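Q: could you work out the structure for the sequence below:
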Amino acid sequence: LDGYVQVSALNNADSVLKALAKIDRGLPVDLIETGDESLIIAAAQVRRRAELPGLSLRSAQLCRDKPAMKEALRQADVPCAESTAVATTAELGSFVERIGYPLVLKPRSALGGLATYRVENARELQGAARALKIGDGGQAAVEEYLDVGAALWFDNALVQHDKKFGDEPVKDYSAWSKRARFLQSRGFTMDHIQSVVPQITD
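A: Have a look, this model is predicted:
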């Protein structure tokens with residue numbers, strides 16, 4: 001470490017910009033980065049005002065706002081869990097009625113999985129909503145719970161199959177069985193195999 005400048009408030013763009021001006025008197029500043037998720041927006045604000053490259057303010061805001069991020073992904077045709085922001089128990093109940101259980105409930109700008117709840121029923125939902133102060137000034141993100149593990153097995157089966165066999169057509173049962181045995185030897189079930197091995201062509 002060749003030197004440092006103390007900043008009175010890292011989450012305040014004006015404070016960081018004052019420190020930036022002091023540093024810039026000696027050496028040019030090329031980048032502003034942070035490893036702290038809670039400072040992503042402040043760092044982006046400093047970048048924009050100092051005209052430095054890096055994560056844009058819009059992208060930083062999406063990183064910190066879970067429902068807004070999911071909506072941006074959906075608009076870009078990226079599949080993701082159903083989700084919304086809720087501030088009242090009525091809004092939460094409407095989402096539950098539409099999606100059902102299990103659900104995930106967490107702060108709208110959560111950090112590292114803190115205060116994140118998986119809920120299986122109305123009793124657990126009430127407890128999580130109370131902890132997050134929904135209906136009492138708090139805001140939260142609620143989303144459907146996805147069994148990612150199961151989906152990853154199917155994705156991995158497809159990757160393993162295509163890596164070994166490419167997009168060659170399956171001409172007969174012998175060829176189909178060869179592919180099935182290959183996937184079975186790697187721990188995949190018949191459900192996985194039938195979903196990824198192409199049908200026999202005439």
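
Q: CA atoms of the helix-or-strand element of the chain with minimal mean pLDDT as CSV?
A: Least confident helix or strand of the chain, by mean pLDDT, DSSP states H and E, is helix 148-165 with a mean of 84. Taking C-alpha atoms only, helix 148-165 is exported to CSV below (Å, rounded to 0.1, in the frame of the first residue of the first chain):
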residue,chain,number,x,y,z
VAL,A,148,-32.5,-25.5,-9.1
GLY,A,149,-30.8,-28.8,-8.3
ALA,A,150,-33.2,-30.8,-10.4
ALA,A,151,-32.9,-28.4,-13.3
LEU,A,152,-29.2,-28.5,-13.2
TRP,A,153,-29.2,-32.3,-13.6
PHE,A,154,-31.1,-32.0,-16.8
ASP,A,155,-28.8,-29.2,-18.0
ASN,A,156,-25.7,-31.2,-17.2
ALA,A,157,-27.1,-34.3,-18.9
LEU,A,158,-27.5,-32.2,-22.1
VAL,A,159,-24.0,-30.8,-21.8
GLN,A,160,-22.5,-34.3,-21.3
HIS,A,161,-24.5,-35.7,-24.2
ASP,A,162,-23.6,-33.0,-26.7
LYS,A,163,-20.0,-33.0,-25.7
LYS,A,164,-19.8,-36.7,-26.5
PHE,A,165,-22.1,-37.1,-29.4
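
Q: list the buried residues in that helix.
A: 153, 156-157, 160-161, 165 (16 or more other Cβ atoms under 10 Å). C-beta coordinates here come from the backbone N, C-alpha and C atoms, glycine included.

Q: what angle separates whatever helix or strand comes next after that helix from helix 148-165?
A: Tracing the chain past helix 148-165, the next element assigned as helix or strand by DSSP states H and E is helix 173-184. Using axes from the mean of the first three to the mean of the last three Cα atoms, to 10 degrees, the direction of helix 173-184 lies 130 degrees away from that of helix 148-165.
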